[in-house]
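Peer 1: give me a 3D structure for the following:
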Amino acid sequence: MTATTDTALDTARVRAWLAAAETGRVGPDLEARLIAGGRSNPTYELTDGARRWILRRPPLGHVLPTAHDMGREYRALAALAGSAVPVPRTVGLCTDTAVLGAPFYVMDKLDGVTLRTAADTGRLTPEQRKTLSANLIGVLVALHEVDPAAVGLDGWGRPDGYLERQLRRWLAQWESSRTAPRPEVDELHARLRAAVPPNRFPGIVHGDFKIDNLMVDAADPTRIVGVLDWELGTLGDTLTDLGILCSFWDQNGEFHNPITAGATALPGFPTRDELVAAYAAARGIDVAEMDWYLVFADFKIAVILEGIHARHTQGLTEGADFDTVGAMVGPLLNRALERAARSSLFR
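Peer 2: The predicted structure follows:
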């Protein structure tokens, strides 16, 4: 007997595959639950009543040919096992599309919680928020100091020309998924292209490093037990991760990213400038071109959200909370333009 709350996941076929991958250690009844909060790759919690796993598959609908590559995610998680970067144990990668209609992979479900909203982070004390922030920077620095070749990730990406390719990629994604004309996208792209900084710090890039892509210990929310959602990971310019983190890092007196909506705008969390300074000090580097990475981060996130909005309007998203995604695009583009206008890097 199998059960599921979502018809897109055939738990009978998944159970057969999982039993083979786990050498038979799977109970006869497998249940699947679509996890709320995911806005890109559909993510499911699986359980046989005794153990729990996480399954990730690509979204329905049109995406870039290189996007949502399950093999890339799986390779990163497997490579970082045992490193200073906490990741869940991987079970296996399924490339047989006869099972679910698309490739997917399965990993252990971590015993922890994700801090997504101001209500979640509001339950922490100011001292806990301060310690969590320091540990978050520590994990990001540890990731960026991993030698890709030493963990088998050489060839996982091409650091040379990474920023130029990123600009082309996200403009192409915009053109393929836009639901309304926005001249500010072309303006931002032109400004970013004219001011591309040199890639001075190549390494492993997570691509979406932010507080709600981390899992923390339920008993000690300052301890990070897992870095999740590696769908945008590659080898490239590591400062793009810091830009993404800052884009999602809310603080009082400034526009809040509409996804996180104030999650880090609470006492104890450092300011964005303090976050950048802590990262730079830990790596012993200068980040004089940080404005470029902040503008690029807002541009990239806006394009991603437009793609999700486009799939939602076509009925190709799964789960709740998609109705407001389209409204997030404009504010992010506007903030990026304002930052570019203030920065000497874009003049």
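
Peer 1: any low-confidence regions in the stretch 201-347 of the chain?
Peer 2: 258, 316-321 (pLDDT under 70).

Peer 1: do you have the helices of it handy? List them.
Peer 2: All helices of the stretch 201-347 of the chain, identified by DSSP state H, counting those that start in this stretch, fall at 239-247, 272-283, 290-313, 329-342.

Peer 1: of all residues in this structure, which one is nearest the centre?
Peer 2: Residue closest to the mean C-alpha point of the chain, counted by C-alpha atoms, centre = their mean, is Asp208 at 3.1 Å.

Peer 1: which non-adjacent residue is nearest that residue?
Peer 2: Spatial nearest neighbour of Asp208, excluding adjacent residues (C-beta to C-beta, 6 or more residues apart in numbering): Leu232 at 5.1 Å. (C-beta placed from N, C-alpha, C; glycine too.)

Peer 1: what do you get for Leu266?
Peer 2: In space, Leu266 is closest to Thr121, 5.8 Å off (C-beta to C-beta, 6+ apart).

Peer 1: so where's the stretch 51-200 of the chain uncertain?
Peer 2: Confidence mapping of the stretch 51-200 of the chain against pLDDT under 70 gives the ranges 60-68.

Peer 1: how about a cut-off of 50?
Peer 2: The model of the stretch 51-200 of the chain has pLDDT under 50 over residues 62-67.

Peer 1: tell me, how many residues neighbour Val295?
Peer 2: Applying other C-beta atoms under 10 Å, we find 27 residues neighbouring Val295.

Peer 1: just the strands in the stretch 51-200 of the chain please.
Peer 2: Listed in chain order, the strands found in the stretch 51-200 of the chain under DSSP state E, counting those that start in this stretch are 52-56, 90-94, 104-108.

Peer 1: which residues does Pro267 contact?
Peer 2: Residues in contact with Pro267 (C-beta atoms under 8 Å, 6 or more residues apart in numbering) are Pro126, Arg129.

Peer 1: do that again at 6 Å, thanks
Peer 2: Pro267 is in contact with Pro126, counting by C-beta atoms under 6 Å, 6 or more residues apart in numbering.

Peer 1: that one and Asp111: what is the separation?
Peer 2: Computed with C-beta to C-beta, to the nearest Å, the distance linking Pro267 and Asp111 is 28 Å.

Peer 1: please apply the same query to Val139.
Peer 2: Counting by C-beta to C-beta, the gap from Val139 to Asp111 is 18 Å.

Peer 1: looking at those two, which is more packed in?
Peer 2: Counted by other C-beta under 10 Å, Val139 and Asp111 do not tie: Val139 has more neighbours, with 18 against 12.

Peer 1: contacting residues around that one?
Peer 2: Residues in contact with Val139, defined by C-beta under 6 Å, 6+ apart, are Ile224.

Peer 1: cool, Ala19 as well?
Peer 2: Applying C-beta under 6 Å, 6+ apart, one finds that Ala19 lies in contact with Val26.

Peer 1: helix, strand or coil for it?
Peer 2: Classification of Ala19 by DSSP: H, G, I helix; E, B strand; the rest coil places it in helix.

Peer 1: now do the nearest residue to Ala310 once chain neighbours are set aside against Asp48, distance only.
Peer 2: Leaving aside its chain neighbours, Ala310 sits nearest to Ser177 (4.2 Å; criterion: C-beta to C-beta, 6+ apart). Distance of Ser177 to Asp48, computed by C-beta to C-beta: 38 Å.

Peer 1: give me the pLDDT for Ser40.
Peer 2: For Ser40, the pLDDT comes out at 64.

Peer 1: the nearest residue to Asn199 once chain neighbours are set aside: what's it in contact with?
Peer 2: Nearest residue to Asn199 in three dimensions, chain neighbours excluded: Asp237, at 4.5 Å (C-beta to C-beta, 6+ apart). Counting by C-beta under 6 Å, 6+ apart, Asp237 touches Tyr162, Leu163, Asn199.

Peer 1: recalculate using a threshold of 10 Å.
Peer 2: The contact partners of Asp237, by C-beta atoms under 10 Å, 6 or more residues apart in numbering, come to 159, 162-163, 166, 196-203, 205, 243, 293, 296.

Peer 1: just to revisit the earlier point, out of Ser177 and Asp48, which sits in the busier spot?
Peer 2: Ser177 (21 against 18).

Peer 1: looking at it, the more buried one is touching Arg311, isn't it?
Peer 2: Yes. Ser177 lies in contact with Arg311 (C-beta atoms under 10 Å); the separation is 7.7 Å.

Peer 1: how far away is the residue nearest to the centre of the chain from His309?
Peer 2: Noted for Asp208: a distance of 17 Å to His309, by C-beta to C-beta.

Peer 1: helices along the stretch 51-200 of the chain, start to end?
Peer 2: Ranges of helices within the stretch 51-200 of the chain are 70-80, 97-100, 118-121, 126-144, 162-177, 183-194, based on DSSP H, counting those that start in this stretch.

Peer 1: what's the most buried one of these?
Peer 2: Comparing the helices of the stretch 51-200 of the chain by mean neighbour count (mean count of other C-beta atoms under 10 Å), helix 70-80 ranks first with a mean of 20.
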